[in-house]
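[1] Give me a model of this one.
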Amino acid sequence: MLTAKEIRESFKTFFEGKGHQIVPSAPMVVKDDPTLMFTNAGMNQFKDIILGHKDPLWRRATDSQKCLRVSGKHNDLEEVGHDTYHHTMFEMLGNWSFGDYFKHEAIDWAWEFLVDVLKIDPKNLYATVFEGSAEEGLDRDNEAASFWEAHLPKDHIINGNKHDNFWEMGDTGPCGPCSEIHIDLRDEAEKAKVPGAELVNKDNPLVIEIWNLVFMQYERHADGSLHPLPAKVIDTGMGFERLCMVMQGTKSNYDTDVFQPMIQAIGSIAGVKYGEKEEQDVAMRVIADHLRAIAFSIADGQLPSNAKAGYVIRRILRRAVRYGFTFLDLKEAFMYRLIDTLIESMGEAYPELPAQATLIKHVIKEEEESFLRTLATGIKMIEGIIADTKKAGKTQIEGVQAFTLYDTYGFPLDLTELILKENGMSVSEDEFNAEMEKQKARARNAAATEATDWVTLREGNTEFVGYDLLECDTEILRYRKVTQKNSSYYQVVLSRTPFYAEMGGQVGDKGVLTAGDEVVEVTNTKRENNLPVHILKKMPADVNATFHAAINKEARQAISCNHTATHLLHAALRQVLGTHVEQKGSLVDATMLRFDFSHFKKMTLEEIREVERVANAMIRRATALEEHRNLPIAEAKAMGAMALFGEKYGDSVRVVKYDDSVELCGGTHVANTGNIGFVKILSESSIAAGIRRIEAITGAAAEDYLYEVEDVMLNLRSLLNNAPDLVSAVAKSLNENTSLQKQVEGYMMDAAKNLRDEIYRNASEISGIRILKIYGIADPEIVRSTVFLVKNDAPENTILLAATRMAGKPTLTIFISDDLVKNGMNAGKMVREAAKAIQGGGGGQPGFAQAGGRNEEGISVAMEKMEALVAAEA
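    Numbering: from 1, shown residues only. Reported below is the predicted structural model:
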């Protein structure tokens, strides 16, 4: 029996023998494509080639790509664990042809690999072909069917509809028919009852798709029309986990050596055995699957958070924790303990896992502990909701309440339902689903974007000249209009551009396009499918003119200073803290820089200052930029350049070097470190377990910061009579203030004691209850202290009523002794009613309450009202 490792390698070796270049998996987390958060298919890393934005380095390629499908079009999350073959993170085995071979070879080689190499019984295989679409004006894919007929009987070649057998990248772009390969894994008795052909694409867990061969031969335009692609593309994807199930003779992906080591480890931690209880089996499958998704995402640089891709990872992690909490009785963090088992299984194929093991464990453990605290809080809140609902004589809580628990506190609906069921109650799922749909609608409306087809004026690709030039002459290659949130803008692609398109944490350039007397502002420069697009609010009058493109030079210089400073700080951090420090994210704009890095404890003030000293020493050395463009990746690494996990590098890279700082980087930088002036770290903080963040400024911004600090010092010195020793003067002033404050507190306490004695002497009665009254002008703090002095005397059958004013603000205060509170009297209710007289409101405890208002003339009426309320309840 082949192991998972052997199956993966056999696929790549087979296609390498067919002239394919083996390429490494791209990161699972997508960083520079605004249309995608995660790699959800093997073709993602080749999008720019398929779209024609980049020439391929090889006409044939093959790989095993790590993918994640949990949101959007491919949302498998809720099915994961409950069936045998859905996953969040999975591996996609694929082979590609970019304008080289097409359907015939793709089909023949797929058959050869499955039947001749892996020895799969051909009688269990079925192939689907596109049946055609009258709506699209497309005939059946008879070409693909004819090639399949060389391998399969006709009753194993099945027509598939547009949904299953016509693949599209999106609403527009490359598309084409596809041919799926399915396998029937049922036993012979089952096959005799129902032919496998009748179960293809019918959600039978043992008649499943294992390979999809996509034949990209069309391009869909915004008007829905289809046009032939100039260069046809083969894009195939085979589910690695499903193939392992086939080759290892199991009925479930989870029974293969891909998952079993983790499932056994989970069982050991939980003290249960897989296969004995279905709900526990589901929980173990969920955890084993989700752990892979979480670990690979963190290794690729995506930490759990409350936004975008980070929120998706947090959702996955919390789903796994919740299944362990509910069904395996795991009430403490446990998932981080499974990382070593995962590394044993996949670390050889994906070295980023062992390299980032410590970070992965830290992040997962902290996230687990945080969510377990959330679960504990949520359970207390549900208990309160249950008590209130029962008190109201109901057995069903409102869906809005359950949704608030879910949306605000991350408390899952099914756990809410479980707790309610244990208490003989339920939740209105219709109301919950309605709230969920409202939220989704808000998200859809916020993200809704419409774009016209590209208007192509000239063929060609953009030449970026921004490393060497800040302005140049250029022409428009193509443009389109984009509408989002009721506003429109234009995306423009230029033949040559000095504008840096946002990437790698560096913001895009701004500037202008000039033709004659017309000046058009470029508000931003973005990167879409590796295509630099210039954002314009309006199009030029003559789109065919020759333009002069010029960036904002001052902003570019400031951005470059900040970007180079991140490199110097990175080198300084590794020197001061240790070589475990690695970049985990950055943001560079014209005003500041932000740098995230791996480190497991808060930096001390001295460490921060030492990092600044090292970086500023490098700046003062005025080291010139040593730049290497199009350098083979192996040579770059030999120079000492560090490849960051989670980044996708080509065979040729750009190296940016200043002294000991050597990095792979495509951003813009200063010609000489002396241009930076100096760098000042403003803050250091934690953003996740094992991840620290520094924010810093350089150049003119750093100068302005020092001037602000200097101004504060000068103003302080002036306030302290130009004291030569400012620290001693401030300390002396604080000590004097503390002493005076204590004197004031003493005077106020004396005043409170005198007031207490006075109201005791002037006490009255209402229905046999002793009434202490404070009325007129009085400091609220003295009144409050008086109340507590009275309370400390522990009187019985006593009520204190205060209606006072100070600086135009009226205040009402009520104190009721404990014995009267036990008899049902309530200061909070009384003060709220009386506060109407002063146009205010308030509340408090049954024994003590206060209210404020706007009408100080109403305190006499308020006092009368409080007395009347006491009389009514006495």
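[2] if I look at the residue most central in space within the chain, how far off is L587?
    The centroid of the chain falls nearest to G310 when counting by Cα atoms, centre = their mean (1.9 Å). According to Cβ to Cβ, to the nearest Å, G310 and L587 sit 15 Å apart. Every C-beta, even on glycine, is put in place using the N, C-alpha and C of the backbone.
[3] For the stretch 201-350 of the chain, which segments count as strands?
    Secondary structure of the stretch 201-350 of the chain by DSSP state E, counting those that start in this stretch: the strands cover 207-220, 226-239.
[4] Run the chain-centre distance for the host helix or strand of F595.
    Assigned by DSSP states H and E, F595 belongs to strand 593-598. Remark: strand 593-598 is offset 17 Å from the chain centroid, using Cα atoms, centre = their mean, to the nearest Å.
[5] by contact count, what packs against that strand?
    On a contact count with 3 or more Cβ pairs under 8 Å, 6 or more residues apart in numbering; DSSP states H and E, strand 593-598 meets helix 553-577, strand 583-588, strand 691-698.
[6] Going by mean pLDDT, which of those comes out lowest?
    Note on the helices and strands packed on strand 593-598: strand 583-588 shows the lowest mean pLDDT, a mean of 93.
[7] What helices and strands are in contact with that one?
    Strand 583-588 packs on helix 553-577, strand 593-598, going by 3+ Cβ pairs under 8 Å, 6+ apart.
[8] repeat that with 10 Å
    Under the contact definition 3 or more Cβ pairs under 10 Å, 6 or more residues apart in numbering; DSSP states H and E, strand 583-588 sits against helix 553-577, strand 593-598, strand 679-688, strand 691-698.
[9] is it true that M245 touches H87?
    No - the pair M245 / H87 is not scored as a contact, 11.6 Å apart, by Cβ atoms under 10 Å.
[10] which of the two has more neighbours?
    H87 (29 against 26; other Cβ atoms under 10 Å).
[11] Can you check the pLDDT for the nearest residue to the more buried one once chain neighbours are set aside?
    Nearest residue to H87 in three dimensions, chain neighbours excluded: D289, at 5.3 Å (Cβ to Cβ, 6 or more residues apart in numbering). For D289, the pLDDT comes out at 96.
[12] Now the host helix or strand of A441: buried residues?
    Using DSSP H and E, A441 sits within helix 429-447. The neighbour-count check on helix 429-447 (16 or more other Cβ atoms under 10 Å) flags 431-432, 435-436 as buried.
[13] swap in stretch 515-525?
    Residues 515, 520, 522, 524-525 are the ones in stretch 515-525 that count as buried (16+ other Cβ under 10 Å).
[14] Between those, which sits nearest Q484?
    N524 (13.3 Å; Cβ to Cβ).
[15] Quick one: classify the closest one as helix, strand or coil.
    strand (DSSP: H, G, I helix; E, B strand; the rest coil).
[16] any idea how far A265 is from E369?
    20 Å.
[17] so where is the chain shaky, pLDDT-wise?
    Residue ranges of the chain with pLDDT under 70: 32, 34, 71-76, 446-447, 645-646.
[18] what are the ranges of the helices in the stretch 751-874 of the chain?
    For the stretch 751-874 of the chain, applying DSSP state H, counting those that start in this stretch gives helices covering 780-792, 818-822, 827-834, 859-873.
[19] Can you give me the buried ones in the third one?
    When neighbours are counted by 16+ other Cβ under 10 Å, the buried residues of helix 827-834 are found to be 827-832, 834.
[20] Also the first one?
    Taking 16+ other Cβ under 10 Å as the neighbour-count basis, helix 780-792 is seen to contain the buried residues 780, 782-787, 790-791.
[21] next one: the longest one
    Going by neighbour count (16+ other Cβ under 10 Å), the buried part of helix 859-873 is 859, 862-863, 865-867, 869-870, 873.
[22] can you put these in JSON lines and add distance to A189?
    As requested, the buried residues of helix 859-873 are exported to JSON lines (distance: Cβ to Cβ, whole Å):
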{"residue": "I859", "distance to A189": "91"}
{"residue": "A862", "distance to A189": "88"}
{"residue": "M863", "distance to A189": "92"}
{"residue": "K865", "distance to A189": "87"}
{"residue": "M866", "distance to A189": "87"}
{"residue": "E867", "distance to A189": "91"}
{"residue": "L869", "distance to A189": "84"}
{"residue": "V870", "distance to A189": "87"}
{"residue": "E873", "distance to A189": "82"}
